[in-house]
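J.: How does the following fold in three dimensions:
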Amino acid sequence: MGQFYSPVWLLLDGSVFILLIGCANVANLLLARLVARQRELAVRGALGASGAQLARQMLAENFMLVVIAAGLGIAIAMAGIQGAAHLGRGLLAVGRTHQRR
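T.: Numbers count the residues shown, from 1 in each chain. Just a heads-up that it's a prediction; the model follows:
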């Protein structure tokens with residue numbers, strides 16, 4: 001168990017770092033989208049929309065993006081787990097045949 005301790009933590013650190021990079025990229029994309037829609041939001045405000053209404057619209061749009069992204073992420077993760085399980089079964093079967101010889 002001790003021999004795998006450092007490599008496992010290294011892999012965990014690497015995956016967390018990649019996840020942080022992805023989160024920063026998504027935040028940057030949402031911020032750029034908001035800046036691009038600044039004129040539209042100003043027009044809506046001038047036509048009488050309150051700040052709360054504009055915020056509610058932005059939250060609703062971002063919530064839909066989150067739901068779609070989460071659904072895709074879960075589907076990809078499930079496919080990856082099934083693929084890894086299938087690959088693992090194949091590797092275990094190969095390992096068993098080598099042990100019998």
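J.: The nearest residue to Met58 once chain neighbours are set aside sits in which helix or strand?
T.: Leaving aside its chain neighbours, Met58 sits nearest to Leu34 (7.4 Å; criterion: Cβ to Cβ, 6 or more residues apart in numbering). In short, each C-beta sits where N, CA and C put it, glycine included. Leu34 belongs to helix 5-36 when assigned by DSSP states H and E.
J.: Report the buried residues of that helix.
T.: Residues of helix 5-36 include none that count as buried (16 or more other Cβ atoms under 10 Å).
J.: middle-most residue in this structure, spatially?
T.: Residue closest to the average C-alpha location in the chain (Cα atoms, centre = their mean): Gly73, at 6.0 Å.
J.: Tell me who's in contact with that residue.
T.: The contact partners of Gly73, by Cβ atoms under 8 Å, 6 or more residues apart in numbering, come to none.
J.: Sticking with it, tell me its helix or strand.
T.: Gly73 belongs to helix 51-100, assigned by DSSP H and E.
J.: Centre of the chain to that helix, how far?
T.: 9 Å (Cα atoms, centre = their mean, to the nearest Å).
J.: how far off helix 5-36 does that helix point, in degrees?
T.: 150 degrees (axes from the mean of the first three to the mean of the last three Cα atoms, to 10 degrees).
J.: shaky segments in this protein?
T.: For the chain, the stretches flagged by pLDDT under 70 are 1-4, 92-101.
J.: what residues go with each domain of it?
T.: 1-36, 50-101 (automatic domain parsing).
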